[in-house]
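> Following is a predicted model, sequence given first.
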Amino acid sequence: MSAATASFVTERDGRSADVADLTPLAFAGYAHFTAMQVRDGRVRGLDLHLARLRAASMTMFGRALLDDRVRSLLRGALEAGPADLSLTATVFSPAGEFVAADAEPELLVRTGPPASGPSGPLSLAVVEHERDLPAVKHVGEVGKTYYLREAVARGFDDAAFVDRRGRFSEASIWNLAFWDGEAVVWPVAEMLTGTTMSIVRRQLARLGVPQREREVTPADLPGLSGAVVMNSWTPGVPVHRIGDVALPDAPAFTGLLHQAYRAEPPVAP
């Protein structure tokens, strides 16, 4: 398809979604999704996106679409659009939200303009918040948007979450990563393991870059040498302040994360 005729789409189970398809979903909050950036028709970490959808479907619905079916639906949506775009794949039950019917899940695929995220550096407010089903990327999470808006009203760019034990977990729509001067530090807490985070971790391991897992609290921040947030848009946006603590500029750290991300080979669905 030529660039002149390529367009963005919203498809339900492989066909163009109309108002009747979308109206029930617009008022529902029981579904899960994955988001990816597509470049030249390819995506990094496709295996991770498929695994995320499969595991979340088993958690929420007790059954999952076959990977081959998901890939076929993704390909169909990509064929209608430009080579570079954003894609969100949402799994839901056609039986509805407030029933436990044993229905086969369906996939809603939406494409839109490509995104790369903010350049930063960002400031993050510290907020105590624990997501429901933290290992699942599910919809209807009012807390993430609420605390983002609250943080902006207080003069911050976004919010970083700590759990009831005071441990950093994640940010509103981001994973957190820290630098201790020698190794990448991944916070230990209940959280969503992002696909970009997983890509970066496995490529850092292949590059021989030290990585550590540890509990990180606000009291630990003065001893750290840098911080970033990451999601499907980008493998690293610098963070220069969390709460009242200023963090050092760490361009080498951010560059290392981007290098690791670029080392992941993109594949076509």
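That came through, no problem.
> Give the residue spans of the stretch 1-150 of the chain that score low on pLDDT.
1-6 (pLDDT under 70).
> Pull the number of nearby residues for the closest residue to Glu170 other than its chain neighbours.
What sits nearest to Glu170 in space, not counting adjacent residues and going by Cβ to Cβ, 6 or more residues apart in numbering, is Met191, at 4.5 Å. For every residue, glycine as well, the C-beta is placed using N, CA and C. Residues near Met191, counting by other Cβ atoms under 10 Å, number 22.
> Which residue ranges make up each domain of this protein?
Residue ranges for each domain of the chain read 10-112, 122-262, as given by automatic domain parsing.
> can you put these in JSON lines and add distance to Ala268?
Output for the domains of the chain, formatted as JSON lines (distance: least, Cβ to Cβ, whole Å):
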{"stretch": "domain 10-112", "distance to Ala268": "5"}
{"stretch": "domain 122-262", "distance to Ala268": "16"}
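> Flag every buried residue along whatever helix or strand Phe253 lives in.
Using DSSP states H and E, Phe253 maps to helix 251-262. For helix 251-262, the neighbour count (16 or more other Cβ atoms under 10 Å) marks Phe253, Thr254, Leu256, Leu257, His258, Gln259, Ala260, Tyr261 as buried.
> ok, of these, which one's closest to His49?
Checking the buried residues of helix 251-262 against His49 by Cβ to Cβ gives Tyr261 as the nearest, at 14.7 Å.
> Next, the contact list for the closest one, please.
Applying Cβ atoms under 8 Å, 6 or more residues apart in numbering, we find Tyr261 in contact with Arg44, Thr196, Ile199, Val200, Gln203, Pro235, Gly236.
> looking at this, Ala55 is in a helix?
Yes - the assignment for Ala55 is a helix, going by DSSP: H, G, I helix; E, B strand; the rest coil.
> wait, what's in contact with it?
By Cβ under 8 Å, 6+ apart, the residues touching Ala55 are Ala64, Ala135.
> how many neighbours does the residue nearest to Phe92 when sequence neighbours are not counted have?
Once flanking residues are discounted, Phe92 sits nearest to Ala31: 3.9 Å by Cβ to Cβ, 6+ apart. Using other Cβ under 10 Å, Ala31 has 20 other residues around it.
> Repeat that for Thr59.
Around Thr59 sit 14 other residues, with neighbours defined as other Cβ under 10 Å.
> got it, and Asp47?
A count of nearby residues for Asp47, using other Cβ under 10 Å, gives 13.
> For Trp186, name its beta-bridge partners.
Using DSSP bridges, the beta-bridge partners of Trp186 come out as Glu213.
> can you offset everything so residue one is 37?
Renumbered: residue one is now 37, and that last one reads Trp222.
> since we're on it, how many residues are nearby?
19.
> what's it in contact with, if anything?
Ala213, Phe214, Met233, Arg237, Gln247, Arg248, Glu249, Arg250.
> try 7 Å
By Cβ atoms under 7 Å, 6 or more residues apart in numbering, the residues touching Trp222 are Ala213, Gln247, Glu249.
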